[in-house]
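S.K.: Based on what follows, work out the 3D shape:
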Amino acid sequence: MLLHTRFVGLLLIAFLVAPISLWAQSTIIDCTFPKSWEGRQVLLVARSLAQPNLIDTTSIYDQRARFVHNIAEPCPAYVWVEGHKEDLTFFIDSTHIQISVDSGAVISYQVQGSATNYLWKQFDDVLDTVRATTKKEIIFQGDTILSIPSQQQIDSLDNAYAMQIDRLIQSNPFAKASWYLFASNYTMLPHPTAVKLLDKLGTFAAYPSYARITGHLLRQRLGIKAPDFTLSMVSGNRLTLSKVKSKYVLLEFYVSYLVPHQQQEPALQRLYATYHPSGLEIIRVSTRQDTNATDSQTVPWLRVIDAAEPTTTVWNKFGVDLPTTCC
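M.R.: Model (predicted):
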């Protein structure tokens, strides 16, 4: 009887997981266009979380264009058509998406086959409203910056954005669009909020990104022992974290071209000057790719260079996202 119960339980788990883990093995995106668009180039861009962004191109033939790809997880995408100003945005959450374009209609295109396409559009509209009403944009006149958002304004935007993400996901915890919204924004959420939402999104545990994000959040939780590391210092010596004898150690993960990192330096200078005599040490961790981090500008605390591969980097061990592009 116990074996039978376990077998039924496994069947139930397989039934619940299968639609999530199997749907995306092969996704077909069929596009239909006006006859006058014949021969135009068509570009597909899909922003997947579990694999590099998908970019593919084809041409319109017999009023149609088709893309067939393995897409590991549901994700937003868009189709660009040569000579058409509006991108055709949609959400990939099934094995077959159909997009039809009518250049003379009020709604220029329709999406079929995506259960959460409309919900994703709602998410985007809500977050766009937060950005528009909360964020004070940088205004340029010629080469002169007229106004720059203060750190308080940036924090206010981040808080409002995080609150909306929390609300949207709590209202739709089983929607595939909710998983993408969480997985693409969880690093900006307060850690307790991110953990709470991850628990609610357990339906998506079969997705490749779920295990990665779970491990990331576990590495960030309070109370765990800091992983040890040995890195080269800017001075040329080697530094091992466990051999630093200071009473308190603050790790600063630093990217020289990021404005918030530059803005926090005066506060760190004051913190260091006040508490270093009482046993505080700061260790700045930069990356090998950030060549400006090793220039002549110095700070009074220790500086090391993380030259490891992305999968073994100290940034990864501490659950800190490593920026890959300059803003």
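S.K.: So the chain: which segments form each domain?
M.R.: Here the domain parsing of the chain from automatic domain parsing is 16-114, 120-220, 230-317.
S.K.: Can I get those domains in JSON lines including mean pLDDT?
M.R.: What follows is those, written out as JSON lines (pLDDT from 0 to 100):
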{"stretch": "domain 16-114", "mean pLDDT": "86"}
{"stretch": "domain 120-220", "mean pLDDT": "81"}
{"stretch": "domain 230-317", "mean pLDDT": "82"}
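S.K.: For the ones you listed, give me CSV that also has mean neighbour count.
M.R.: No exception for glycine: its C-beta is placed from N, CA and C like everyone else's. Shown next, in CSV, are the domains of the chain (neighbours: other C-beta atoms under 10 Å):
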stretch, mean neighbour count
domain 16-114, 16
domain 120-220, 16
domain 230-317, 14
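S.K.: Phi and psi next, for A65.
M.R.: Main-chain torsions, A65, degrees, to the nearest 10: phi -140, psi 140.
S.K.: same for the strand or helix carrying F182, what does it pack against?
M.R.: Under DSSP states H and E, the secondary-structure element containing F182 is helix 176-183. Contacts defined by 3 or more C-beta pairs under 8 Å, 6 or more residues apart in numbering; DSSP states H and E place helix 176-183 against strand 88-92, helix 117-134, helix 151-171, helix 191-200.
S.K.: got the angle for that helix vs strand 88-92?
M.R.: If you take axes from the mean of the first three to the mean of the last three C-alpha atoms, to 10 degrees, helix 176-183 sits at 90 degrees to strand 88-92.
S.K.: Pull the contacting residues for Q220.
M.R.: Going by C-beta atoms under 8 Å, 6 or more residues apart in numbering, Q220 touches 191, 318-319.
S.K.: hang on, I meant L181
M.R.: 123, 165, 168-169.
S.K.: of the residues you listed, closest to V299?
M.R.: For those, the residue nearest V299 by C-beta to C-beta is I165; the value is 34.2 Å.
S.K.: any idea how far the closest one is from P190?
M.R.: 11 Å (C-beta to C-beta, to the nearest Å).
S.K.: and if you look at T32?
M.R.: According to C-beta to C-beta, T32 and P190 sit 45 Å apart.
S.K.: Tabulate the contacts of Q220 (JSON lines), appending distance to D199.
M.R.: What follows is these, written out as JSON lines (distance: C-beta to C-beta, whole Å):
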{"residue": "H191", "distance to D199": "13"}
{"residue": "F318", "distance to D199": "23"}
{"residue": "G319", "distance to D199": "18"}
